[in-house]
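1. Fold the following.
(2 chains)
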Amino acid sequence: MSIDLDIWEIVIGLEVHTELATRTKLFSAAANQFGGEPNTNIDPLTLGLPGSLPVLNEHAVELAIRVGLALNCSVERSVFSRKNYFYPDQPKDYQISQFDLPINGEGWLELPDGKVIGIERAHLEEDTGKSTHIGGGGRIHDATYSLVDYNRAGVPLLEIVGRPDLRSGDEARAYVSELRSILVAVGASDGKMEEGSLRIDCNVSVRRRGEAELGTRCEIKNINSLRSLGRAIDYEAARQVDMITSGERIQQQTRHWNEDEGRTLKLRSKEDADDYRYFPDPDLVALDPSQEWIERVRAALPVLPAARRHRLAERSGSQLAQTALIVERGLDDLCLAAIDLGADPMRTVIHAEHNLSDPRALDMDPAMFAKLVQMDVAGALSSTQTKTVLAELVENGGDPSTIADTRGFKAMDTGELDSLVDQLIADSPDEWQRFCDGDPKITGYFVGKVMKATQGKADGKLVTALLNDRKG
Amino acid sequence: MSADRRDARQIAEAVRSGESSAVEVLDEHLGRIDEREGELHAFNLVTADGARFRAAAIDAAVAAGETVGPLAGVPVAIKDNLCTRGVATTCSSRILEGWVPPYDATVVTRLAAAGAVMVGKTNMDEFAMGSSTENSAFGPTRNPHDPSRVPGGSSGGSAAAVAAGFAPISLGSDTGGSIRQPAALCGVVGVKPTYGTVSRLGLVAFGSSLDQVGPFATNVADAALVCEVIGGHDDGDSTSLPQPFPSVIEHLDDGIDGMRVGLVTEMMGEGIAPDVATRIRAAADALAAAGAIVEEVSIPAVTFGLSAYYLVAPAEASSNLSRYDGVRYGLRVDAPTTGEMMELTRTAGFGDEVKRRIMLGTYALSAGYYDAFYGTALKVRTLIREDFDRAYERYDVLLSPTSPTTAFAFGDKTADPMSMYLNDVCTIATNLAGHPAMSVPFGTGTDGLPIGAQVLAPTLGEIAMFKVAAALELAAAAGSSPA
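-> This next block holds a predicted model:
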């Protein structure tokens, strides 16, 4: 299924829950740890025992502030509220969350292509336990019995609510991946989607291009990977367009993404949503971080991915989009250092973007990288030779000129190449005629012959140039 | 109080000096429990074995010359909504039957550290909701002064235990008067401290923003001692104030010369029994005679207290009591689905009054009603606090009856919840304001049953409150005419 994007616009807003990488839970001293035997990371509060009381984990607050600042949010005085609903994996039958007064207000995030996505809020709340339904179809409705593991109950979550500013599955994936980089950069999360450290609820609506009003949205749950996110959005948008074009109205619903069937299924509609009876939790006091604390956290923040991309683009004169992969791999510092040491900025970025996928590149000596870039720029090595030397630099370190010498990589002098090309033309009159007639495919024949004769030492581009010279 | 009964300080002194052993003291109290507990039902559980073990340990410590605490060997009764490690804690509810806490409430830990010996868990209105202990799932407690009357509530068992000599001191909890009213009805001293001065960790929550633990005692000095032992900051309670309990003991004998006392007009008029009003006026006169300046003062907002309270407390309770769902502990009534299991468990496990308040609170918090009910109640709460604070600019403490009447008969008010709620009219505003207040026995009514005078004070005004309470106690003892 695909929809005509000239007519339709997809509007996406994401709510991302991230588990904060604290040692203990949001309101108690039980361990915040993935895995482990069921019901081992528990204490009276985790189980909702009578008489237990919550005490706020300061480290969770600090991580929340870090994320807030990294997302350009205003850090505010906030209040914890109770969200009341009955569910076996919710030990107190209410969740402590932030409702009308979140710790982080309005902010924004910049995608690698420079597009800015609004953040509505990023608030603290506690996670639930995990239910396993035994018998039937493994769902609560037809299960024989259910088991509950409270290890996860009370783990600190930050819910990051994005504005509906995303317009495609690719953009949504870029958003999550950027958010993930930020969370990892500030030390708030390990970013492991497969362990549930990052969970996505996705709001999708569609409208005809040019319409100002947003369409009715559906919320999709159970998205467990970036790939599912893109698929779920494509499916859901197509479903909605189908409904509209066949004259139906979209109902506001919560839908479940079924990975195996590749489609979304209705969970519940807005009408049967719970009334959560939010009210301020009387067991906790308002959270009002001092300006001094906030500034201390701000000062300790690392340079964030967007700023790193801009810095590299500015220093190298390359396009912002070219820097995305480099920053993602963490190679921007290497590039900047090489540029500082005199390496050609554009060439440096090109090599980092295309030829440094090996994670060991992070440990490369910038001076040696710079030296290699300059050898390349000077034409001392062919592009094949440059790649080979670079790969060895990454793998074993060393000096690029020594590596080139050891391998016998000498840039051929032009005179030697001139006579080789002349000889080749003389030996292949038919092919030469085709070249002169403008057959583009025959260029490869000559370049290949030269490469073979020089064991790859020649620069292919130079060979082409020499051929063109002779054609006149 | 019989002349042969020693109070908490006398017992501790005797145990520390080796004059009495803690085991002897315990046996004396267990003896009285044996005699009258069958009739009074003050306890849900008497922990005689655990108490003997603890008492023997205190005696051993004394014999070994170790330092023992200020409550060494003093028997104490604990309200059954305070968690006690390894000892069932029921809140007098079927829904918690069989549940044994794996931890002690902070106040229980502090009493034990001071050398106190727990003799049992006391009966109460289910989840502290009530004013007579008639809402206990395990049957009511009777008033030691007249077993045909209620002891008050919800901490009726703790009040009766002290009045009957089962223990010289006990702990209760006060959400809308649940310590002060039974103290008044049983003729003992009962203190509701400033919100945040005594830890709530391990107190099974009813209305979290109103609940406060406090002592019952036979006299003001014992009550002061228990407050200092159990009070002070606790890291485990986020609403705990960052300071020790006000040093009330050292000021008990200061006298009240020149202190300003306001007699609250709104708590002396309609609804207050004439004999109670007469005794409270006598209390005011006694304070004036002791050197205080006593005047009448109007605090108009207190008349809204009852309405605000019956929105705030049930709203918080509806959420606090959600966890009793049959999933993890306590009663479970099996059913085909989780939802039905929860429903049947809660239907079978909660009594009528608890269900009434859960419904009230759920309604008050519902979408579309929140602003009109809970939101308004919070505003009224602020008004009440401001009204009190204005009065406290002119008065050190306020004076009122604790309860509009002396102990009433069983069944008198159970048919009409409103008449039961009205019993708390003098005590409720204090909880909404977060202020301290205490009840001191001040003679008896025309029926010969005890009357309590309530001393109210501003936030952390415990020193002034205890000074005035001590003065009232002195005046009452001097026989300023108990009827």
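
2. B:Tyr374: what secondary structure?
-> Three-state assignment for B:Tyr374 (DSSP: H, G, I helix; E, B strand; the rest coil): helix.

3. Which other helices and strands does the helix or strand bottoming out on mean pLDDT in chain B contact?
-> One helix or strand of chain B scores below all others by mean pLDDT, DSSP states H and E: helix B:417-422, with a mean of 80. Counting contacts by 3 or more CB pairs under 8 Å, 6 or more residues apart in numbering or on different chains; DSSP states H and E, helix B:417-422 packs against helix B:305-320. For the C-beta atoms, the positions are set from N, CA and C on the backbone; glycine is no exception.

4. check whether the helix it packs on contacts chain A.
-> Yes - applying CB under 8 Å from any CB of the partner chain, one finds helix B:305-320 touching chain A at B:315-316, B:318-319.

5. Give me the buried positions along that helix.
-> B:305-306, B:308-320 (16 or more other CB atoms under 10 Å in any protein chain shown).

6. mind listing what A:Ile42 touches?
-> Counting by CB atoms under 8 Å, 6 or more residues apart in numbering or on different chains, A:Ile42 touches A:30, A:150-151, A:153.

7. Most neighbours among those, which one is it?
-> A:Ala153 (27 neighbours; other CB atoms under 10 Å in any protein chain shown).

8. Now name the helix or strand holding that one.
-> Using DSSP states H and E, A:Ala153 is not contained in any helix or strand.

9. what's the spacing between it and chain B?
-> Distance from A:Ala153 to chain B, counting by CB to the nearest CB, to the nearest Å: 11 Å.

10. I'd like to know which residues of the stretch 101-250 of chain A are adjacent to chain B.
-> A:140, A:146, A:148.

11. Name the residues of stretch B:273-293 that come out as buried.
-> Per 16+ other CB under 10 Å, stretch B:273-293 contains these buried residues: B:273, B:275-280, B:282-284, B:286-287, B:290, B:292-293.

12. which ones among the residues you listed are found in strands?
-> Cross-referencing the buried residues of stretch B:273-293 against strands under DSSP state E gives B:Ile293.

13. out of the buried residues of stretch B:273-293, what pair is the most spread apart?
-> Spatial extent of the buried residues of stretch B:273-293 (CB to CB) is set by the pair B:Ala273 and B:Ile293 at 27.1 Å.

14. Packing partners of the helix or strand containing A:Arg227?
-> If you go by DSSP H and E, A:Arg227 is part of helix A:226-245. Counting contacts by 3+ CB pairs under 8 Å, 6+ apart, helix A:226-245 is packed against strand A:8-19, helix A:169-185, strand A:198-208, strand A:218-223, strand A:253-258, strand A:263-269.

15. of these, which approaches B:Gly73 most closely?
-> When these are compared (using CB to CB), the closest one is strand A:8-19, at 50.3 Å.

16. Backbone torsions only: list them for B:Val327.
-> Dihedral pair for B:Val327: phi -80, psi -50, per degrees, to the nearest 10.

17. any idea how far it lies from chain A?
-> Separation of B:Val327 from chain A (CB to the nearest CB) stands at 5 Å.

18. Quick check, pLDDT for the nearest residue to that residue once chain neighbours are set aside.
-> Among residues not flanking B:Val327 along the chain, A:Pro88 sits closest, at 4.8 Å (CB to CB, 6 or more residues apart in numbering or on different chains). A:Pro88 is assigned a pLDDT of 93 by the prediction.

19. so A:Pro88 touches A:Tyr150, yeah?
-> No - counting by CB atoms under 8 Å, A:Pro88 stays clear of A:Tyr150, with 10.0 Å between them.

20. overlap in contacts of these two?
-> With CB under 8 Å, 6+ apart, A:Pro88 and A:Tyr150 have common neighbours A:Gly129.

21. Distance check, A:Ile425 against A:Cys436.
-> Distance, A:Ile425 to A:Cys436, by CB to CB, to the nearest Å: 10 Å.

22. With neighbour numbers in mind, choose between the two.
-> Under the criterion of other CB under 10 Å, the comparison of A:Ile425 against A:Cys436 puts A:Ile425 first, with 18 against 14.

23. Can you tell me the SS state at the more buried one?
-> helix.

24. In contact with it, which residues are there?
-> A:432, A:470.

25. where does it land on pLDDT?
-> Looking at A:Ile425, the pLDDT reads 89.

26. The residue of the stretch 51-200 of chain A found nearest chain B: what's it in contact with?
-> Using CB to the nearest CB, the closest approach of the stretch 51-200 of chain A to chain B is made by A:Asp93 at 3.5 Å. A:Asp93 makes contact with A:48, A:84-87, B:322-323, B:325 under the criterion CB under 8 Å, 6+ apart.

27. roughly how far apart are it and B:Met342?
-> 9 Å.

28. can you list residues touching both of the two?
-> Counting by CB under 8 Å, 6+ apart, the residues touching both A:Asp93 and B:Met342 are A:86, B:325.

29. Tell me which residue is most central in chain A.
-> In chain A, the centroid-proximal residue (CA atoms, centre = their mean) is A:Ser177; its distance is 1.6 Å.

30. give the contact list for the residue lying closest to that one once chain neighbours are set aside.
-> The shortest distance from A:Ser177 to any non-neighbouring residue, by CB to CB, 6+ apart, is to A:Leu226 (6.5 Å). When contacts are counted by CB under 8 Å, 6+ apart, A:Leu226 touches A:173, A:176-177, A:193.

31. would you turn the residues you listed into TSV with pLDDT?
-> Formatted as TSV, the contacts of A:Leu226 follow (pLDDT from 0 to 100):
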residue	pLDDT
A:Arg173	96
A:Val176	96
A:Ser177	94
A:Met193	86
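
32. Point out where chain B drops to low pLDDT.
-> B:1-3, B:480-483 (pLDDT under 70).

33. which stretches of it form strands?
-> Using DSSP E, strands in chain B cover B:43-46, B:75-79, B:117-122, B:169-174, B:189-192, B:212-217, B:260-264, B:293-297, B:397-401, B:437-444, B:450-456.

34. would CSV of the ones you listed with distance to chain A be doable?
-> Compiled in CSV, the strands of chain B are given as follows (distance: least, CB to the nearest CB, whole Å):
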stretch, distance to chain A
strand B:43-46, 15
strand B:75-79, 12
strand B:117-122, 13
strand B:169-174, 11
strand B:189-192, 17
strand B:212-217, 11
strand B:260-264, 27
strand B:293-297, 30
strand B:397-401, 25
strand B:437-444, 20
strand B:450-456, 22
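
35. Of those, which stretch is the most buried?
-> strand B:189-192 (a mean of 32; mean count of other CB atoms under 10 Å in any protein chain shown).

36. ok, back up a step: quick one: which of the strands of chain B is nearest B:Ala205?
-> Going by CB to CB, the one of these nearest B:Ala205 is strand B:169-174, 9.7 Å.

37. Show me what that closest one is packed against.
-> strand B:75-79, helix B:106-113, helix B:156-163, strand B:189-192, strand B:212-217, helix B:220-230.

38. what's the closest of the ones you listed to A:Ser246?
-> Among the helices and strands packed on strand B:169-174, strand B:212-217 sits nearest to A:Ser246 (CB to CB), with 63.1 Å.

39. what's around whichever residue of the stretch 301-450 of chain A sits closest to chain B, how many residues?
-> Closest residue of the stretch 301-450 of chain A to chain B, CB to the nearest CB: A:Leu301 (28.0 Å). Using other CB under 10 Å, A:Leu301 is surrounded by 16 other residues.

40. returning to that earlier point: OK, contacts around the residue nearest to B:Val327?
-> The contact partners of A:Pro88, taken as CB under 8 Å, 6+ apart, are A:129, A:131, A:146, A:148, B:325, B:327, B:338.

41. Try it again at 6 Å.
-> The contact partners of A:Pro88, taken as CB atoms under 6 Å, 6 or more residues apart in numbering or on different chains, are A:131, A:148, B:327, B:338.
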